[in-house]
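Q: Here is my input; please provide its structure:
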Amino acid sequence: MFEYLIIFFARVVDVTLATIRTLMVVQGRKIHSAVIGFFEVSIYVAALGKVVSNLDDPRNLLAYALGFACGNYIGITIENRIALGNLVVQIVLSSDGNDFELAEKLRNSGFGVTILHGEGKEGSKKVLQVAINRKDLDKLEKIVYNYDGKAFITTSSVNCVSGGYFSTSKKK
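A: Next up, the predicted model:
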């Protein structure tokens, strides 16, 4: 029984680290991803060795597979909580509301906002574009949806932000 738990927990840790390492690779964090990768592969090889050395026991494979599944879940959960990285958010209001008023609300909350002209199915619209830290997305969405509950918001990940108004620590 103890051997199955070791396999399970080793796989949970290994896959959780793999998820976080993948995020680090995508963001270009070389040192972080290398260090995490070292521990990830060490644990992976140890867990795989336990399973391969005893292939006649299907419970080893079950513990390995369950650990993989749980590791994915936990890795994604951790990644969502630490919310590393940056986003570009585009906001289109549902009505012909005052885009400038929302832009000012966002600016007063510490966000830099650029207003662009867009053409949609229903004609001309203003598009508010904001570069933010991922961890600030909930705050931004709350402000926008309090202003316009039917606003259309899209986000895109970005690797590099330089220049313009981009504060790493929001004051409000």
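Q: Check which residues of stretch 108-121 are buried.
A: The neighbour-count check on stretch 108-121 (16 or more other C-beta atoms under 10 Å) flags S109, G110, F111, V113 as buried. The C-beta positions use only the backbone N, C-alpha and C, and glycine is treated the same way.
Q: could you list every residue that touches the closest residue in space to the last one that isn't next to it in sequence?
A: So that's V113. Spatial nearest neighbour of V113, excluding adjacent residues (C-beta to C-beta, 6 or more residues apart in numbering): A103 at 4.4 Å. For A103, the set of contacting residues under the criterion of C-beta atoms under 8 Å, 6 or more residues apart in numbering consists of V113, I115, L128.
Q: In strands only, show me those residues.
A: Among the contacts of A103, the members falling in strands (DSSP state E) are V113, I115, L128.
Q: Surely the second one is in contact with E101?
A: No - here I115 lies out of contact with E101, judged by C-beta atoms under 8 Å, at a distance of 11.4 Å.
Q: Look up which helix or strand the residue lying farthest from the centre of the chain falls in, please.
A: Summary for the chain: using C-alpha atoms, centre = their mean, the residue whose C-alpha lies farthest from the chain's mean C-alpha position is D56, with a distance of 39.6 Å. With secondary structure defined by DSSP states H and E, D56 is part of neither a helix nor a strand.
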